[in-house]
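Undergrad: Kindly generate the corresponding structure for this input.
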Amino acid sequence: MKNAKSINCSAIILSGGKSSRFLMNKSKAKLLGKPLLSHVVDRIRPVVDEVIVVVASEEQKREIEKILHDPIRLVIDEYSVRSPIVGALTGFKYALGKYSILLPNDTPFISIKVISLLLQLVVGLEAVIPIWPNNYIEPLQAVYETEAAYKSALKAFEEKKYRVNNIMINLTKLLYVSTTILERFNFTLNTFVNINTPQDMKEAKNKLHKS
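TA: Numbering: from 1, shown residues only. Sure thing, here's the model as predicted:
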């Protein structure tokens with residue numbers, strides 16, 4: 001982990017999952033002619049200084065290199081445990097930004113307005129996390145102070161606490177932002193929509209056609 005960050009914000013996109021419900025690698029699945037991962041990259045690129053895609057294996061890395069031709073940093077998980085917290089831990093380790101936005105590879109409707117708000121709010125904090133009225137949090141569309149998040153994720157991993165929510169266990173300067181506030185910036189809150197199944201992909205295509 002580097003002590004001095006040379007840029008302000010990194011985007012860490014987790015793309016090492018098995019995509020078991022989708023029946024194929026979601027990163028390569030095409031939404032209106034463009035790989036799903038490319039939708040995420042293109043959405044987030046305007047508000048960050050670098051984009052990192054975390055994969056689980058050399059094979060996945062080669063697959064993604066074929067669909068992403070822009071200067072994207074690809075890094076491979078350093079641990080054999082398959083869990084989002086491992087991808088996050090790897091991403092935080094290699095991120096050059098003081099802050100990092102953590103994202104899945106299957107959210108094609110990411111709202112730039114929502115992300116920009118989270119980035120404004122995180123200054124001086126260790127994390128800003130969206131939260132729903134039922135107290136469900138969105139750790140994979142949250143912004144973290146990279147160094148603190150890396151240390152916290154590493155401690156959780158060493159304690160075998162593999163749920164991604166455990167990134168927050170050892171953080172103290174947290175701000176939870178209600179989705180009722182975020183609705184002002186993204187009325188439908190489709191920024192949080194994940195593509196988990198072929199049916200989800202069909203619905204996403206319909207939304208993009210209407211937008």
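Undergrad: Show me the strands in this structure, by range?
TA: 7-14, 30-31, 34-35, 50-55, 73-76, 97-104, 127-131, 142-145, 174-178 (DSSP state E).
Undergrad: packing partners for the first one?
TA: Under the contact criterion of 3 or more Cβ pairs under 8 Å, 6 or more residues apart in numbering; DSSP states H and E, the helices and strands touching strand 7-14 comprise helix 36-44, strand 50-55, helix 84-94, strand 97-104. Using the backbone N, CA and C atoms, a C-beta is placed for each residue, glycine as well.
Undergrad: possible to save the ones you listed as a markdown table with distance to Met201 and mean pLDDT?
TA: Below are these laid out as a markdown table (distance: least, Cβ to Cβ, whole Å; pLDDT from 0 to 100):
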| stretch | distance to Met201 | mean pLDDT |
| --- | --- | --- |
| helix 36-44 | 8 | 91 |
| strand 50-55 | 20 | 94 |
| helix 84-94 | 21 | 93 |
| strand 97-104 | 15 | 96 |
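Undergrad: Lowest average confidence across helices and strands of the protein, where is it?
TA: None of the helices or strands of the chain scores lower by mean pLDDT, DSSP states H and E than helix 198-210, at a mean of 74.
Undergrad: can you tell me which residue is nearest the centre of the protein?
TA: In the chain, the residue lying closest to the centroid (Cα atoms, centre = their mean) is Leu103, at 0.9 Å.
Undergrad: Contact partners for it?
TA: Residues near Leu103 by Cβ atoms under 8 Å, 6 or more residues apart in numbering: 11-14, 40, 44, 110, 140-141.
Undergrad: Write the PyMOL selection for whichever of those residues are buried.
TA: In PyMOL syntax, the buried subset of those is picked out as below (16 or more other Cβ atoms under 10 Å):
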select buried, resi 11+12+13+14+40+44+110+140+141
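Undergrad: and the least confident helix or strand of the chain, how far from the chain's centre?
TA: 21 Å (Cα atoms, centre = their mean, to the nearest Å).
Undergrad: Would you confirm that Ile129 contacts Val177?
TA: Yes. Counting by Cβ atoms under 8 Å, Ile129 touches Val177, with 7.1 Å between them.
Undergrad: Which one of these two is surrounded by more residues?
TA: Shown here are Ile129 and Val177; by other Cβ atoms under 10 Å, Ile129 has more neighbours (23 against 18).
Undergrad: And for that one, nearest residue in space, chain neighbours not counted?
TA: Ala142 (4.2 Å; Cβ to Cβ, 6 or more residues apart in numbering).
Undergrad: how close does that neighbour get to Met201?
TA: The span separating Ala142 from Met201 equals 25 Å under the rule Cβ to Cβ, to the nearest Å.
Undergrad: Looking at the two, which one has more neighbours?
TA: Shown here are Ala142 and Met201; by other Cβ under 10 Å, Ala142 has more neighbours (26 against 19).
Undergrad: May I have the beta-bridge partners of that one?
TA: Ala142 has these beta-bridge partners by DSSP bridges: Leu102.
Undergrad: repeat for Val177
TA: Beta-bridge pairing of Val177 under DSSP bridges involves Pro130.
Undergrad: How about residues contacting stretch 112-123?
TA: 9, 43-44, 46-47, 99, 101, 128, 130, 141-145, 175, 177, 182, 185-186, 191.
Undergrad: Good, we can wrap up now.
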